[in-house]
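Colleague: Have a look at this prediction, sequence included:
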Amino acid sequence: MLAKIGAIVVFLWFLWLLSRRRLYIASWQLPGPPALLPFIGNGFALMCPAKDLLKQILKQTDPYSSPLRLWIGPRLVTFIKDPDQLQIVMQSSKYTVKSNVYRFLEPFMGKGLFTLTGPRHKVQRKLLQPLFGPRVLESVSTIFQKHALNLVKILEDHVGSGCFDVLHILHKSAFEATVDILLENAITGNPDYTLIPGYVRRFYHIFSQRVSTFWMHSELLYRFSAYYKEQQMMTKLASKCIEEVASQQLPEILKRIEDQEGPIKCCQNRPTPSVLETMVQLFKENPGSLTEEEFKDHMMTFFATSQDTQSSALAFTLMMLGMHQNIQDKVLLELQEVLDGRRLVTLEDAPKLKFMEMCINEAMRLFPVGPFLPRDVAQSFKLGTTTIPEGSSLILGIFNVHRDPKYWQNPQEFYPEHFAEEQVAHRHPYAFLPFSAGPRRCIGKYYNRLSCPGKYLQSFSSTIQLREHEDYHRTNPH
Ligand code: HEM
């Protein structure tokens, strides 16, 4: 009897291996670190605290040429860090879809642009593009100026009071700007409102822990973890607050739109429509394409994607400038020349602040918000001589390519000249990808271009000096 059961198990195991033969063939053709442990593979090396994850990934991937393979549990993962290969993968939506792990974000963001895949994503992205068009950007630029002023007032209070955590202040400021941009600055009476910026950060932390701990990929096992309870609590409170804020505004906006024929021309206290107002209009014009549920999911997505990204990019730039006083002086000089005595940066000023933009880009090169982007292979495709099989996964090594000495003169240094015009002209366009690229690139890229300069101006006009902090050495893996 036992022998029969054993034979059946071996036979089933053989069938399972046979069904996965394309994965093994690809794996044999690719270089990569030894996957010593059965069933866990290289996953064991990545099961570490979030603060060590970056170092561990680099340790596993740096010694091998691209594409290389990792085994994360039973999954074959091809890691790509060559710009030509990144271009092939990122330009097409045919071969890859966003990784299945993005579903871990759904409790918070729902099925918004960030988590959607397939044809539905294409339709929704096209539909929402007007939210990021010139008219809305114009309105956003004035709001950023207002929040830059608020931010500087808060920072001024800290001047002379020793070291303080600038990231916390920036997160709060980004949150307030986001509420203003998305929801017309409705202030809710709910005291939980002030907790949301912390929740968004915590949610991303839980997400990265869950991605790197493969047993938590199982919905059932995850429910037994402490993270699950925390996530449930945060999601409930955050969506309640957002809904509350949105419902204060919606009736009035709907009335405004109904009273008006054709596209929105003007709205209360603003020269141009808010994101919420434009969304309501889109919702009314496309009732079949944009459901009420999707409308809410998109709002939550914009909330969760716009705050941490902007404040991290800004914090890293401030940190780098604080550590390089000579570069900071150059930024100040440019600001003084362009603004000629004015305090606020306008939409027209932004393209003139060329050196500042070089510094922002250089900080995003060293510290990209999305250092590794996971994808699933929807259709087998050729990468060099290897066929990357359907059913496997990919990781796009943005961090690796951002520090590859083949493309960067001083890869580990803060060196804004990397973005001088002549250097950019000669560099591979896929060697710098802070906003990703192709059909899944960041839709809010130009928001950032507007938000950063305004805040720099305000920070510098108060001559706040930043000192090197020991944490920098922890964020720099080399
Ligand atoms: C410094 C600022 C920002 C950075 C560095 C950044 C970076 C990124 C990156 C790397 C992605 C691709 C993620 C992936 O493929 O897994 C992305 C996607 C996205 N970002 Fe941003 N982002 C920034 C600001 C914003 C803002 C302000 C918004 C919204 C107002 C936004 C909304 C989105 C959305 C909706 C997506 C998904 C797009 C899609 O898949 O079609 N981002 N962002």
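Modeller: Noted; the coordinates are in hand. Here the structure is a predicted model, which is why all the values come from computation and not from measurement. Numbering: from 1, shown residues only.

Colleague: Identify each buried residue in stretch 319-327, please.
Modeller: For stretch 319-327, the neighbour count (16 or more other C-beta atoms under 10 Å) marks Met319, Met320, Leu321, Gly322, His324, Ile327 as buried. The way it works is simple: take the backbone N, C-alpha and C, and place the C-beta from them, glycine included.

Colleague: and the residue of the stretch 301-450 of the chain nearest the ligand?
Modeller: Gly444 (2.3 Å; C-beta to the nearest ligand atom).

Colleague: Tell me, what's the model's pLDDT at the spatially closest residue to that residue that is not a sequence neighbour?
Modeller: Closest residue to Gly444 apart from its sequence neighbours, by C-beta to C-beta, 6 or more residues apart in numbering: Ser306 at 5.8 Å. What the model reports for Ser306 is a pLDDT of 81.

Colleague: check which helix or strand covers Ser306.
Modeller: helix 292-323 (DSSP states H and E).

Colleague: For the chain, what lies in contact range of the ligand?
Modeller: For the chain, the residues in contact with the ligand (C-beta under 6 Å from any ligand atom) are 113-114, 125, 301-302, 305-306, 309-310, 313, 369-370, 373, 434-436, 440, 442-444, 447-448.

Colleague: hmm, back to that, let me see the backbone angles for the residue of the stretch 301-450 of the chain closest to the ligand.
Modeller: phi -100, psi 20 (degrees, to the nearest 10).

Colleague: can you give me how far the helix holding Ser306 is from the chain middle?
Modeller: Here the centre of mass of C-alpha atoms in helix 292-323, compared against the chain's by C-alpha atoms, centre = their mean, to the nearest Å, lies 7 Å away.

Colleague: Remind me what the helix or strand Leu17 falls within packs against, helices and strands.
Modeller: Using DSSP H and E, Leu17 maps to helix 2-19. Helices and strands touching helix 2-19, as assessed by 3 or more C-beta pairs under 8 Å, 6 or more residues apart in numbering; DSSP states H and E, are absent.

Colleague: What lies in contact with that helix?
Modeller: Here helix 2-19 makes contact (C-beta atoms under 8 Å, 6 or more residues apart in numbering) with Tyr24.

Colleague: list the helices and strands whatever helix or strand comes next after it packs on?
Modeller: Downstream of helix 2-19, the first helix or strand assigned by DSSP H and E is helix 21-29. Here helix 21-29 touches strand 68-72, strand 75-80, strand 386-388, going by 3+ C-beta pairs under 8 Å, 6+ apart.

Colleague: Arg365: which of these is closest?
Modeller: Closest to Arg365 of these is strand 75-80 (C-beta to C-beta; 18.0 Å).

Colleague: Would you mind writing the CA trace of the closest one as PDB?
Modeller: In PDB, the C-alpha atoms belonging to strand 75-80 read as follows (Å, rounded to 0.1, in the frame of the first residue of the first chain):
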ATOM      1  CA  ARG A  75       9.200  30.900  -8.600                       C
ATOM      2  CA  LEU A  76      11.800  31.500 -11.300                       C
ATOM      3  CA  VAL A  77      12.700  35.200 -11.200                       C
ATOM      4  CA  THR A  78      14.800  36.800 -14.000                       C
ATOM      5  CA  PHE A  79      16.600  39.900 -12.800                       C
ATOM      6  CA  ILE A  80      17.300  42.500 -15.400                       C
END
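
Colleague: Do me a favour and average the pLDDT over it.
Modeller: Strand 75-80 carries an average pLDDT of 94.

Colleague: so what does it touch, helix or strand wise?
Modeller: Using 3+ C-beta pairs under 8 Å, 6+ apart, strand 75-80 sits against helix 21-29, strand 68-72, strand 393-397.

Colleague: now the helices and strands packed on helix 21-29 as TSV including distance to Tyr415?
Modeller: Listed next are these as TSV, based on distance: least, C-beta to C-beta, whole Å:
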stretch	distance to Tyr415
strand 68-72	28
strand 75-80	25
strand 386-388	34
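
Colleague: Which among the ones you listed is found nearest to Asn400?
Modeller: With respect to Asn400, and counting by C-beta to C-beta, the nearest of these is strand 75-80 at 8.3 Å.

Colleague: Just the residues contacting that closest one, thanks.
Modeller: So strand 75-80 is in contact with 23, 26-27, 30, 32, 61, 66-71, 86, 89, 377, 383, 388-389, 392-397, going by C-beta under 8 Å, 6+ apart.

Colleague: 6 Å instead?
Modeller: Residues from elsewhere that reach strand 75-80 (C-beta atoms under 6 Å, 6 or more residues apart in numbering): 23, 27, 61, 66-70, 86, 388, 392-397.

Colleague: Parallel or antiparallel, which strands does that strand pair with?
Modeller: strand 68-72 (antiparallel), strand 393-397 (parallel) (DSSP bridges).

Colleague: and the spatially closest residue to His324 that is not a sequence neighbour, how many neighbours does it have?
Modeller: Using C-beta to C-beta, 6+ apart and skipping residues adjacent in sequence, the residue nearest His324 is Phe414, 5.8 Å away. For Phe414, the neighbour count with other C-beta atoms under 10 Å is 21.

Colleague: Now Phe414: phi and psi?
Modeller: Dihedral angles (degrees, to the nearest 10) for Phe414: phi -90, psi 100.

Colleague: how close does it get to Ala420?
Modeller: 14 Å (C-beta to C-beta, to the nearest Å).

Colleague: repeat for Lys255
Modeller: Taking C-beta to C-beta as the measure, Lys255 falls 52 Å from Ala420.

Colleague: And for Pro411?
Modeller: 16 Å.

Colleague: Compare those two (neighbour count), which wins?
Modeller: Pro411 (16 against 12).

Colleague: shouldn't that one be in contact with Asn400?
Modeller: No: Pro411 lies out of contact with Asn400 (C-beta atoms under 6 Å); the separation is 10.3 Å.

Colleague: any low-confidence regions in the chain?
Modeller: Flagging of the chain using pLDDT under 70 yields the residue ranges 36-38, 134-136, 184-192, 245-246, 249-250, 253-254, 256-274, 448-478.

Colleague: still on that earlier bit, show me what the helix holding Ser306 is packed against.
Modeller: helix 106-109, helix 166-183, helix 196-212, helix 354-366, helix 445-461 (3 or more C-beta pairs under 6 Å, 6 or more residues apart in numbering; DSSP states H and E).

Colleague: After the shortest one, which helix or strand is next? Please name it.
Modeller: If I follow you right, that is helix 106-109. Scanning onward from helix 106-109 (DSSP H and E), the first element met is helix 118-128.

Colleague: buried ones in that following helix?
Modeller: Applying 16+ other C-beta under 10 Å to helix 118-128 flags His121, Gln124, Leu127, Leu128 as buried.

Colleague: Stretch 417-426 now?
Modeller: Neighbour counts using 16+ other C-beta under 10 Å place His418, Phe419 of stretch 417-426 among the buried residues.

Colleague: Stretch 56-73 too?
Modeller: Per 16+ other C-beta under 10 Å, stretch 56-73 contains these buried residues: 56-58, 60-61, 64, 66-72.

Colleague: check contacts around Thr178.
Modeller: Listed by C-beta under 6 Å, 6+ apart, the contact set of Thr178 reads Ser306, Gln307.
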